[in-house]
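Colleague: no sequence for this one, just the structure:
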């Protein structure tokens, strides 16, 4: 029996790199839209595309024309509909770039290792405040951003611009405080603002016990590069939101490691 001829299949190094890059792109897109409304939107668009092909084959001219007009503005519609996902995708690329991933090596080379080590000292007041608020079951939402966007936060927040301290965080979130009903935004080693009203997540697959604090913390992590620490008023449980994902029942040791990495 004559063997099969596979001479027509020729892979070069460029082809392998091309396949790997496409696979990475698909993976990143999947991780960004998983458990969000974007999945339903994508499914809807695929259904429309299949429907268009069917009516085109059946020569239904009126329906074909209508769908063609709808799809002619497809690129603009995609940008508008998937704006949060596109923003998160670009942020994800920036945060996972080579220089960012290898920042520890650059720290050794340029003397930044001591700065990273001192970060634990700056995080301590936050951890101590979380311990107290967990014990007293004081609801809290703290948002950590690397770059403070004044346009995004200033319109719905009270400007604080104060040094991070355990007592200040506790006083902001105590039930009788006029600033407790909202988020605290921390950036540049300062409490930049308090009582911030944040966009809620559109994810409809979150646990039923998640209230407005959890939904706001997840929502801001979806649309910006922020991470959020949420303390439940009902249970005192600490949650950690990043890139639209939430980690529940975080211990203080885990919280310290996460903040040291992301903040």
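Modeller: On my side now, so go ahead. Note that the structure is predicted; figures quoted are calculated from it, not measured.

Colleague: Every contact and neighbour count from this point should use C-alpha atoms.
Modeller: Noted.

Colleague: does the residue lying closest to residue 136 once chain neighbours are set aside sit in a helix, a strand or a coil?
Modeller: Of all residues not flanking residue 136 in the chain, residue 236 sits nearest, at 7.4 Å (C-alpha to C-alpha, 6 or more residues apart in numbering). Put simply, residue 236 is coil when judged by DSSP: H, G, I helix; E, B strand; the rest coil.

Colleague: Surely residue 159 is in a strand?
Modeller: Yes - assessed by three-state DSSP, residue 159 belongs to a strand.

Colleague: Number of residues surrounding it?
Modeller: Using other C-alpha atoms under 10 Å, residue 159 is surrounded by 18 other residues.

Colleague: got it, and residue 182?
Modeller: Neighbour tally, residue 182, other C-alpha under 10 Å: 24.

Colleague: who's in contact with it?
Modeller: By C-alpha atoms under 8 Å, 6 or more residues apart in numbering, the contact list for residue 182 reads 141, 194, 195, 196, 197, 198, 213.

Colleague: can you tell me which two in those residues are farthest apart?
Modeller: Using C-alpha to C-alpha, the pair of the contacts of residue 182 lying farthest apart is 194 and 213, separated by 13.7 Å.

Colleague: more crowded one of these two?
Modeller: The neighbour comparison of residue 194 against residue 213 (other C-alpha under 10 Å) goes to residue 194, with 29 against 25.

Colleague: which residues are contacting the helix or strand containing the more buried one?
Modeller: When elements are assigned from DSSP states H and E, residue 194 belongs to strand 190-196. Residues outside strand 190-196 that contact it (C-alpha under 8 Å, 6+ apart) are 153-154, 156-164, 172, 179-186.

Colleague: returning to what we had before: could I have the buried ones of the contacts of residue 182 as PyMOL selection syntax?
Modeller: Buried members of these can be picked out in PyMOL with the line below, counting by 16 or more other C-alpha atoms under 10 Å:
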select buried, resi 141+194+195+196+197+198+213
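
Colleague: ok, back up a step: neighbours of the residue nearest to residue 136, just the number please.
Modeller: The local packing of residue 236 (other C-alpha under 10 Å) involves 21 other residues.

Colleague: Check it and give its pLDDT.
Modeller: Looking at residue 236, its pLDDT stands at 90.

Colleague: where do the strands sit along the stretch 101-250 of the chain?
Modeller: Using DSSP state E, counting those that start in this stretch, the strands of the stretch 101-250 of the chain run over 140-144, 158-163, 183-187, 190-196, 227-231, 238-242, 245-247.

Colleague: I'd like the ones you listed written out as CSV, with distance to residue 78 added.
Modeller: As requested, these are exported to CSV (distance: least, C-alpha to C-alpha, whole Å):
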stretch, distance to residue 78
strand 140-144, 29
strand 158-163, 35
strand 183-187, 31
strand 190-196, 30
strand 227-231, 26
strand 238-242, 24
strand 245-247, 23
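
Colleague: which residues touch residue 169?
Modeller: 126, 129.

Colleague: one step back: can you redo the contacts of residue 182 as a markdown table with distance to residue 249?
Modeller: Putting those into a markdown table (distance: C-alpha to C-alpha, whole Å) gives the following:
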| residue | distance to residue 249 |
| --- | --- |
| 141 | 15 |
| 194 | 24 |
| 195 | 24 |
| 196 | 24 |
| 197 | 24 |
| 198 | 22 |
| 213 | 15 |
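
Colleague: export the contacts of residue 182 to TSV and tack on pLDDT and distance to residue 128?
Modeller: TSV is the format used below for the contacts of residue 182 (pLDDT from 0 to 100; distance: C-alpha to C-alpha, whole Å):
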residue	pLDDT	distance to residue 128
141	94	15
194	90	19
195	89	21
196	89	22
197	87	25
198	85	25
213	89	20
